[in-house]
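Enquirer: Give me coordinates for this.
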Amino acid sequence: MGERSLSRPRGGSGGEVLDRSFFDRPAHEVAPALLGKVLVHGPVAVRLTEVEAYGLPGEDPASHTYRGRTARNAVMFGPPGHLYVYFTYGMHFCANLVCLPEDQGSAVLLRAGEVIAGLDEARARRGAGVADRDLARGPARLAVALGLTREHNGLDACAPDGELRVTADGPVGAVASESTAILSGPRTGISAATDTPWRFWIDGHPTVSPYRRHIPRRRRSATSQG
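Expert: Residues are numbered from 1 along each chain as shown. The predicted structure follows:
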């Protein structure tokens with residue numbers, strides 16, 4: 001998969017909310033810096049363990065903004081540090097954090113994390129029998145665990161007293177530590193720019209989702225259709 005080690009996730013000096021300048025830079029720089037940070041929505045807090053960066057219009061064919069601004073992706077062209085939520089496959093919501101100044105159109109997809117507060121609420125949302133490591137293991141699961149839907153599209157994650165916020169640190173997690181490396185490799189489940197190494201994850205963390213390379217669907221031939 002072309003994995004490479006980058007650095008070690010860094011915590012913070014407490015639960016201070018990340019300011020807007022943290023997000024006011026390219027998504028592929030913000031993404032690894034988000035690992036180990038904590039996303040808080042209501043009673044549930046998730047320490048981020050896996051993310052993917054998506055770049056600029058006309059430059060990154062895997063990005064929702066590749067062909068420009070639309071009603072769906074408008075939040076990605078707004079101020080940095082806001083939440084972009086989209087609906088996919090007719091059943092799932094996925095959450096992103098906007099990067100770069102207004103009108104740029106870039107974001108980081110939040111792929112996975114470890115629930116470190118509000119476990120009972122996250123378990124209730126995800127359903128009975130779901131292992132704790134799977135509560136937010138994958139972008140759709142993460143959104144469900146945090147209770148994020150389309151109505152939260154556009155929330156400001158940099159407001160200290162906001163409904164949603166990203167903090168530098170939180171309760172101690174399972175294995176996130178100074179000895180844990182950050183790895184990077186190709187993004188997963190996309191059909192364009194498949195080798196761009198903008199997926200970042202905490203090495204060895206049990207909540208990181210499996211890598212799945214996109215496999216194009218083959219059309220059935222006339223003879224095979226019977």
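
Enquirer: so for stretch 73-91, what's the average pLDDT?
Expert: Averaged across stretch 73-91, pLDDT comes to 94.

Enquirer: just stretch 163-170 next, same as before
Expert: Rounded mean pLDDT across stretch 163-170 is 87.

Enquirer: CA-only coordinates of it in CSV, if you can.
Expert: C-alpha atoms of stretch 163-170 as CSV (Å, rounded to 0.1, in the frame of the first residue of the first chain):
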residue,chain,number,x,y,z
GLU,A,163,-22.1,22.6,19.8
LEU,A,164,-19.1,20.9,18.1
ARG,A,165,-15.4,21.4,18.9
VAL,A,166,-12.0,20.0,18.3
THR,A,167,-9.7,20.0,21.4
ALA,A,168,-6.0,19.4,21.7
ASP,A,169,-6.4,16.6,24.3
GLY,A,170,-8.9,14.7,26.4
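
Enquirer: Next, the buried residues of it.
Expert: By neighbour count with 16 or more other Cβ atoms under 10 Å, stretch 163-170 contains the buried residues 164-170. Glycine gets a C-beta too; all of them are placed from N, C-alpha and C.

Enquirer: likewise stretch 188-201?
Expert: Across stretch 188-201, burial judged by 16+ other Cβ under 10 Å covers 188-190, 193, 196-201.

Enquirer: Tabulate the CA atom coordinates of it in CSV.
Expert: What follows is stretch 188-201, C-alpha atoms only, in CSV (Å, rounded to 0.1, in the frame of the first residue of the first chain):
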residue,chain,number,x,y,z
THR,A,188,-9.3,4.1,0.6
GLY,A,189,-12.4,3.4,-1.4
ILE,A,190,-12.0,6.1,-4.1
SER,A,191,-11.9,5.7,-7.8
ALA,A,192,-9.5,8.6,-8.7
ALA,A,193,-6.1,9.6,-7.5
THR,A,194,-5.9,6.2,-5.8
ASP,A,195,-2.2,6.3,-5.1
THR,A,196,-2.1,9.8,-3.4
PRO,A,197,-0.7,9.0,0.1
TRP,A,198,-3.1,11.3,2.0
ARG,A,199,-4.6,8.8,4.3
PHE,A,200,-3.0,9.1,7.8
TRP,A,201,-3.5,6.8,10.8
